[in-house]
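>>> structure of the sequence below:
(3 chains)
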Amino acid sequence: MFKFIVRRVLQTIPVLIGVSILVFSLMHLVPGNPAQIMAGESAPKEQVENIEERLGLNDPLPVQYWNYISNAVQGDLGSSIRSGRDVTTEISGRFWVTVELAVYSTILSVFMGLIAGIVSATKQYTFTDVIIMIIALFGLSMPNFWLGLMLIQWFAIGTDLPSWVPFFDDTAWFKPSGWGSFEQIVLPVITLGTAGAAIVARMTRSSMLEVVGQDYIRTARAKGVKERVVIYRHALKNALIPVVTVVGLQFGTLLGGTVLTETVFAINGMGKLIIDSIQARDFPIVQGTILVVALLFVLVNLLVDITYRFLNKRIDLD
Amino acid sequence: MSTKTNSNENILEVNELKTSFFTDEMEVKAVDGVTFAIPKGKTVGLVGESGSGKSISSLSTLRLIERPGKIVGGEIKFKGENLLEKSEAQMRKIRGNEISMIFQEPMTSLNPTYTVGQQISEAYKIHENLGKKQAIERSIEMLKLVGIPSPEKRVNQYPHELSGGMRQRVMIAMALACNPELLIADEPTTALDVTIQAQILELIKDLQERLNMSVLLITHDLGVVAETCDYVAVMYCGKIVEFADVNTIFSNPKHPYTVGLLDSLPPHDRDIKDDLPVIRGSVPSPAEMPEGCRFAPRCPFASEVCKTLPTLETDENGNQIRCWIYSDKWDGDPEVKVHAKNTERTS
Amino acid sequence: MQKTQKELLKVDNLKQYFPIKGGFFGRTVNHVKAVDDVSFTVHEGETLSIVGESGCGKSTTGRAILRLDEPTSGEIEFDGKNLLEFSKKEMRQNRKNMQVIFQDPYASINPRQTVRQILNEAMEIQNIGTKEERNDRIIELMETVGLGAHQADRFPHEFSGGQRQRIGIARALSVNPQLIVCDEAVSALDVSIQAQVINLLKKLQRDFDLTYLFISHDLGVVRHISDRVIVMYLGKIVEIADKKSLFTNAQHPYTKSLLSAIPSTNTEGKKERIILKGDVPSPIDPPTGCRFHTRCPFATEKCAKEVPTLRSEDYMEEGHMAACHYIEEIKSGEHQPTR
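As a prediction, this is how the structure comes out:
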């Protein structure tokens, strides 16, 4: 197991190099002179030259890349064009907000998805199963910015519905913007976690149904094991193996989703930072944020692989 | 319907058991009125080809039939009590404790995510309320009993680390953990190589004697039956067509289907000059199941009376046969002789 | 039994090693020695069977002969030509001379094609006949293998297992092959259907002068269908003999235990059974010397060191060979079981 972890960690190195090259090229893939774009079209020539000088844009590309990487490894991602502050400082203030949002949403989607999937699988083809799967289909099909706006309308602003309709009354249950308090956290997490929950539910259901038909489940029943134990001890652990993979992949989508969710709920996280910086043509910030998000994604995939391996004893890569 | 041994000598009596599978279009009667008994301490073989309903019969005995299948009739008397009248909780106390089961595929019948020890000790935890440590100790003893070398090491291994033969030994250890009175073995050696099959059959026979167990052995392999069983029930299309002691089945089979089966098996200890005798045609699909004797369309002796279903009749020796040839109503060739070419032995 | 002694297929020193990848960069760290130095000859018109337990290399041998897997080394001569020197194209043309029937016919035929299309395609690839001729031949083939001509436009799933195996046989026959490799061709069938297919195979051999390389683990079937038999264990031939000689006068301890392990339907007079201890060792790291020595009741130190070669003794029938150091001594009772 230890050998596997070491090897898996080493395998992330080429991925990280690839990511850094992509992020670095970002600035140079934009048509035209990046310095001109940053400065604005009508900016005076001296200002453009000043930016070129400051960012080292006149050096050959490999030198630029080397400088970028060696600085990045030391935690220096350059400084913001707009505010002049370090990119690292800009990001660090918002990093944990996005991580919190992503982690809470993942917890929500795994928790809700697993329960819904297990219930659906154990009650296959019943009314409950059909209802759960219809809800899952809705959850999957709704764009999350729309869901976010609807949630704000219903639960943070209030509706015109008669007061006897529970919850959908004119009470503002939760807050429509910001991050920190419980009232602020609930709606964005639901917005971001719903699609994931739907995917996990569907995956868990099909995975459970497959596992429940396996010979070793029959063996467990023949041993006199209680049905509840058969499902939660014998079946679930095996059914989780493909679900874990899905959750890992889902985390990437989720990070992308933070961009929209943070914008809708005016949360000062990395997602909103990216949007704001793109609008302000603040390339160092965009680069830095994307790099951090990519790192986060690689890290989560690493954790998923280790979990997968822990669950699935049959894979022996050593 | 009675078998030759009276009921308190039988550990299990299955009467007119019916198990069906329900599809949107039709009811498939996989087990259609099966009756047999297992005398205490004896081994009964349930033989038939694929689709005969032998495995469904065995799963029905432990009430392990799942949707869309359902037991729709009959009774299963274990030590005099009808299992079909028991609650699910009562059934759980019997499964793995008084009646155990082992299956065909040792590769897939063990849970890949738990160690051998965890899986065996689960039986002790459920039925004997043992703690973790004691349960593992007992599991090691069981592994030793089924002839697994260095059981202290094996107990912590996962199924994928063991060979097919070893896994089937683990399955047996798990099944026998709580000293069951009846072991149901569903094609226990079909997936194994012949030298490993010999080991496993020897082991089951040996343990049966030591633990005084009764065994229901489900198989398609007539050789396995001849070597291990005391009595044999031959199934065809959901019904028992013949039940007799093992010597009678192999030396003097009566049902044309039993005869056909024995004949079409190429022997390994003798040469046959000509073609193998065959049963013509193939097993009818559930949609075109004949009304009368299920075997009539393939039977070389079939006559007019075979368009109605014969009953399972018991002769003076307690052997049973479901065939019109042996009744007063037989309207075919009165001189008909049903006997297997393969059983004309030179020895 | 053999009509001629013409050698149709000659296999020399065939080795089939499958690499095992591992390490950081997926290097080849070891090999599965599935077939390790196997030589034999198949005569025209005979049925030569290869028997053995799973992992003995019998199916791998069949696949290597057909070049379904490229052999690691060795020579395969078919009808006087060296198969391993054939280009892809030549090999394709040669496939009409050597066909194969697999255990699971359903897995080896296209489920979306009707029987007519399956058979037509097989012939078309080999440029056999005009369209009309092929159509006539399809009807003829269907009847030859015991299916009705009216079933030609049905799909494989509309047939039972036994009938599908007949389709597989018809397809193999369609190109008029000289040699058919039957890889566990009847193993998945129920006894009553199996007998029908065995009879069919024997009839076709008589009618069309076919040569069979019959790969099976079922010794009853092998005894019925074969002229000669090869017994393999862990990638090596341990014994080769005429059927009669092998089944009545087996020399190698492994063959003896294999024969004794088959459950017999003869309930009178039970025979002495040799039960082997333990499992077949891994072909990745096979035992030194005689590969059977770890399970052999007669094994000595010599067996662990020296690899026995196939050899004959005076009292053995012509062509009967076994790879054991102690054939004579065990026969005479001079060498007793060591464990």
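
>>> number of nearby residues for B:Thr35?
By other CB atoms under 10 Å in any protein chain shown, 21 other residues sit near B:Thr35. Where C-beta positions appear, they are placed from N, C-alpha and C, glycine not excepted.

>>> so what's it up against?
Going by CB atoms under 8 Å, 6 or more residues apart in numbering or on different chains, B:Thr35 touches B:1, B:14-17, B:240, B:312.

>>> among these, name the buried ones.
Buried members of those, counted by 16 or more other CB atoms under 10 Å in any protein chain shown: B:14-15, B:17, B:240, B:312.

>>> which one is C:Gln5 nearest to, not counting chain neighbours?
Nearest residue to C:Gln5, sequence neighbours excluded (CB to CB, 6 or more residues apart in numbering or on different chains): C:His43, at 5.8 Å.

>>> sorry, back to before: mind checking which of the buried ones among the contacts of B:Thr35 land in helices?
With helices taken from DSSP state H, there is no overlap with those.

>>> in strands only, show me those residues.
The strands, defined by DSSP state E, take in B:14-15, B:17, B:240 from the buried ones among the contacts of B:Thr35.

>>> in stretch A:285-305, which residues are buried?
Buried residues in stretch A:285-305, counted by 16+ other CB under 10 Å: A:285-294, A:296-297, A:300-302, A:304-305.

>>> which SSE is the residue nearest the centre of chain B in?
Against the mean C-alpha coordinate of chain B, by CA atoms, centre = their mean, the closest residue is B:Ile218 at 2.3 Å. B:Ile218 is part of strand B:214-219, with elements assigned from DSSP states H and E.

>>> that strand near chain A anywhere?
No. If you take CB under 8 Å from any CB of the partner chain as the test, strand B:214-219 misses chain A, and the best it gets is 13.1 Å.

>>> check contacts around residue 296.
I'll assume chain A. A:Leu296 is in contact with A:99, A:102, A:255, counting by CB under 8 Å, 6+ apart.

>>> if you could check chain B rather than the one you did, that'd help
With contact taken as CB under 8 Å, 6+ apart, B:Ala296 is in contact with B:290, B:302, B:306-307.

>>> could you provide the residues you listed in JSON lines, with additional columns for secondary structure, neighbour count and distance to chain A?
Converted to JSON lines, the contacts of B:Ala296 look like this (DSSP: H, G, I helix; E, B strand; the rest coil; neighbours: other CB atoms under 10 Å in any protein chain shown; distance: CB to the nearest CB, whole Å):
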{"residue": "B:Pro290", "secondary structure": "coil", "neighbour count": "16", "distance to chain A": "32"}
{"residue": "B:Ala302", "secondary structure": "coil", "neighbour count": "19", "distance to chain A": "38"}
{"residue": "B:Cys306", "secondary structure": "helix", "neighbour count": "23", "distance to chain A": "37"}
{"residue": "B:Lys307", "secondary structure": "helix", "neighbour count": "13", "distance to chain A": "39"}
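
>>> now, which of these sits nearest C:Leu210?
Nearest to C:Leu210 among the contacts of B:Ala296 is B:Ala302, at 35.1 Å by CB to CB.

>>> I'd say that closest one and B:Cys293 touch.
Yes. Here B:Ala302 lies in contact with B:Cys293, judged by CB atoms under 8 Å, at a distance of 7.4 Å.

>>> okay, and the helix or strand of the chain with the least pLDDT?
Picking chain A for this. Lowest by mean pLDDT, DSSP states H and E among the helices and strands of chain A is helix A:34-39, with a mean of 74.

>>> I was thinking of chain C, sorry if that wasn't clear
One helix or strand of chain C scores below all others by mean pLDDT, DSSP H and E: helix C:105-108, with a mean of 74.

>>> roughly how far apart are B:Cys237 and B:Arg322?
Note on B:Cys237: its distance to B:Arg322, by CB to CB, to the nearest Å, is 11 Å.

>>> again with A:Gln214
Plainly put, A:Gln214 is 36 Å away from B:Arg322 if you go by CB to CB.

>>> check B:Leu12 too.
With distances taken as CB to CB, B:Leu12 is found 20 Å from B:Arg322.
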